Structure formats: structure tokens, C-alpha cells
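Peer 1: Could you look at this predicted model? Sequence included:
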Amino acid sequence: MKIAKSALLALALFAYGQAIPAHAGGEDDLKVARIRQDSPDSGFLFFDITIVTDGRPSCTAQYATLISDTRKLALAKFEVYRPNPLLSWTAFSRGTMIPLQPGIWTVTAVQCASLNRTFNFRGTVAQINVNAREIVNAGNLVLEISVLKKGTFFTRAAFGEQGKVGELSPDAIAALRACAPETFAKAKRRAFTVLHP
């Protein structure tokens, strides 16, 4: 009797498994489909930001603010990965995907975290054009931060920033492919244009 029940359970599970599509898109692929229903012209931008001081990553990007040429605002949230959350404060960004209306979009602010401190960098750093229904891989925007003036008890420190664009890291690519395999596969490579102050 137990064997018959086990066989029926196995058959039911097999039939249930067969009802699931062989290739289901990732979680973000479903979001893309929903956004496209409400806003058919939306484009999508994949990118990452790395903050570097003295040639080394210094803090992990958490958010970036973008503004369009039509004055629309967008907030990008990055996936932050901590390999050893109990043993180390070390964290890495695994990139982001953000829906955008067609237009020229400018990165105007970046928030990043290091240990238990949060830093905000403001200024027009980079720009990219996103067309209607377009999916763009803009790469990794690397912001090199330099200390122009050290802070004192009475004055704030002053920082300078310079940008360059590189490729997404293997970790970021793997994470973005896992979340949005169908959408990421359609992305065309177009790098940010770095705006120098």
C-alpha cells in the first residue's frame, strides 16, 4: 500500500512539474512585462557603479539618482552582496536594472556605504540616451574620488570626482542574468558618456 501511495505521489509531482513552463523568466523579467503593459515605450537600463579612492574600491553603491532631459527623476537601487556578513563589512554591488522613459538621462547623485557610514556624492557625472523600448547595458561607471581639502572641526572636507566607464563585473553579469535572463540577453552595449566638471 505504501508503495502504491509513493507511486501516486511521484506521478502527481511529475505531472505538476510538467505543467510548469520549461523556461520561466527571472523575477525582473516579470517586472519588465508588467511595466511594458502600463508603459509600452519604457526602455530599460542595466548598469553598475564602483566608487574608487586611491585606486581601490572604497564604498559600495546603494542608490543613484538620474534625471532626464524632460526633468523626470528616477532612483536606481543596487543589489548589495556581502560574502561574509558575520565576519566582514566587505560588500560588493551586483548592478541594477531600471525602467526609464525615452530620453537623455544624467546621473546626478550617488549614495554609497562603507562600514557603518553613508556617503552622498552629488554632481552631473555621466549621461546616456535611452530610446523607446530599448534595453541598454551601460557597463560599470567608475567614480574616482579624490580629497581636495581635508575636513577640520570647523570645515567640511571637499572631494573631487572623475569618472570612467568599464565593463560589468562577472558577479554583476551573473546576478543580472539570474534576475532578468530574457531582458539582459536583449541588451545592447552602449556606454555612459562621462561628463567632466
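Peer 2: Cool, got the structure. Numbers count the residues shown, from 1 in each chain.
Peer 1: immediately after the worst-scoring helix or strand of the chain on mean pLDDT, which helix or strand?
Peer 2: Least confident helix or strand of the chain, by mean pLDDT, DSSP states H and E, is helix 2-19 with a mean of 36. Following helix 2-19 in sequence order, the next helix or strand is helix 27-38 (DSSP states H and E).
Peer 1: now that next one: mean pLDDT?
Peer 2: Mean pLDDT, taken over the full extent of helix 27-38, equals 93.
Peer 1: So, low pLDDT: which residues of this protein?
Peer 2: Filtered on pLDDT under 70, the chain yields the residue ranges 1-25, 83-89, 147-149, 157-161, 196-197.
Peer 1: Now do the strands in the chain.
Peer 2: With DSSP state E as the criterion, the chain has strands at 43-53, 56-68, 73-77, 80-81, 92-93, 96-100, 103-114, 117-130, 135-149, 158-166, 188-189, 193-194.
Peer 1: could those strands go into JSON lines alongside distance to residue 27 and mean neighbour count?
Peer 2: Every residue, glycine included, has its C-beta placed from N, CA and C. Shown next, in JSON lines, are the strands of the chain (distance: least, Cβ to Cβ, whole Å; neighbours: other Cβ atoms under 10 Å):
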{"stretch": "strand 43-53", "distance to residue 27": "14", "mean neighbour count": "23"}
{"stretch": "strand 56-68", "distance to residue 27": "20", "mean neighbour count": "19"}
{"stretch": "strand 73-77", "distance to residue 27": "14", "mean neighbour count": "14"}
{"stretch": "strand 80-81", "distance to residue 27": "16", "mean neighbour count": "14"}
{"stretch": "strand 92-93", "distance to residue 27": "18", "mean neighbour count": "22"}
{"stretch": "strand 96-100", "distance to residue 27": "11", "mean neighbour count": "20"}
{"stretch": "strand 103-114", "distance to residue 27": "24", "mean neighbour count": "20"}
{"stretch": "strand 117-130", "distance to residue 27": "22", "mean neighbour count": "16"}
{"stretch": "strand 135-149", "distance to residue 27": "16", "mean neighbour count": "18"}
{"stretch": "strand 158-166", "distance to residue 27": "27", "mean neighbour count": "15"}
{"stretch": "strand 188-189", "distance to residue 27": "22", "mean neighbour count": "10"}
{"stretch": "strand 193-194", "distance to residue 27": "31", "mean neighbour count": "15"}
